[in-house]
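Undergrad: below are the sequence and a predicted model; questions follow.
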Amino acid sequence: MSGRFFLDTNLLIYAIDATDPHKQAVAQTWIATAHESGDGLVSYQVVQEWFNVVLRKAAAPLSVDEAASIYHRLIEPLWRIQSTRELLDTALDLHRRDSISWWDSLIVSAALQGRCERVLSDVLQDGRTIRGLKVHNPFRAVSPKRRSRI
């Protein structure tokens with residue numbers, strides 16, 4: 001696969017969670033690909049959700065310093081989509097017309113705003129196309145060739 005892609009929050013969480021080694025390896029591969037190719041991106045919402053999970057909801061929460069270190073190294077370089085009125089208006093329209101949950105509509109809207117070809121998510125319907133954006137569950141298919149380890 002080539003072209004711009006959006007990483008949903010769970011990929012960033014799985015990348016540092018050793019509970020499921022397969023998901024961790026796949027997530028790390030996609031994040032490495034995002035960094036190397038420059039084609040992967042995330043939004044403000046994803047950054048917020050990631051911090052909420054790793055600092056509060058994880059079985060073994062990270063310290064603030066650990067979370068900050070991982071964020072600066074892995075996530076911050078991918079953060080290219082900010083919350084805007086246009087993003088929210090598109091999310092409202094997606095929620096209304098495409099029957100997408102509110103939080104997922106924000107993810108799809110951010111991916112569309114980032115001109116992505118696909119969104120990598122294990123919570124959205126794999127294979128679905130939403131306004132030209134293809135949903136891809138990276139844990140159901142072959143991941144990109146591994147070039148480096150995170």
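TA: Good, I have the coordinates. Numbering: from 1, shown residues only.

Undergrad: what are the buried residues along stretch 14-26?
TA: Of the residues in stretch 14-26, those buried under the neighbour-count criterion (16 or more other Cβ atoms under 10 Å) are Y14, A15, I16, D17, K23, Q24, V26. For the C-beta atoms, the positions are set from N, CA and C on the backbone; glycine is no exception.

Undergrad: and which of the residues you listed is nearest to V108?
TA: For the buried residues of stretch 14-26, the minimum distance to V108 (Cβ to Cβ) is 19.9 Å, reached by Y14.

Undergrad: my understanding was that that closest one contacts A27; is that so?
TA: Yes - the pair Y14 and A27 qualifies as a contact (Cβ atoms under 8 Å) at a distance of 3.9 Å.

Undergrad: could you export the buried residues of stretch 14-26 as a markdown table, including distance to S69 and secondary structure?
TA: Converted to a markdown table, the buried residues of stretch 14-26 look like this (distance: Cβ to Cβ, whole Å; DSSP: H, G, I helix; E, B strand; the rest coil):
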| residue | distance to S69 | secondary structure |
| --- | --- | --- |
| Y14 | 18 | helix |
| A15 | 14 | coil |
| I16 | 11 | coil |
| D17 | 16 | coil |
| K23 | 22 | helix |
| Q24 | 18 | helix |
| V26 | 22 | helix |
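
Undergrad: ok, which stretches of this protein are strands?
TA: Counting by DSSP state E, the chain has these strands, from start to end: 5-7, 40-43, 79-81, 118-120, 129-130, 133-136.

Undergrad: measure V64 to Y71 for me?
TA: Taking Cβ to Cβ, to the nearest Å as the criterion, V64 is separated from Y71 by 10 Å.

Undergrad: out of those two, which sits in the more crowded spot?
TA: Neighbour totals were compared for V64 and Y71, and Y71 leads with 17 against 11 (other Cβ atoms under 10 Å).
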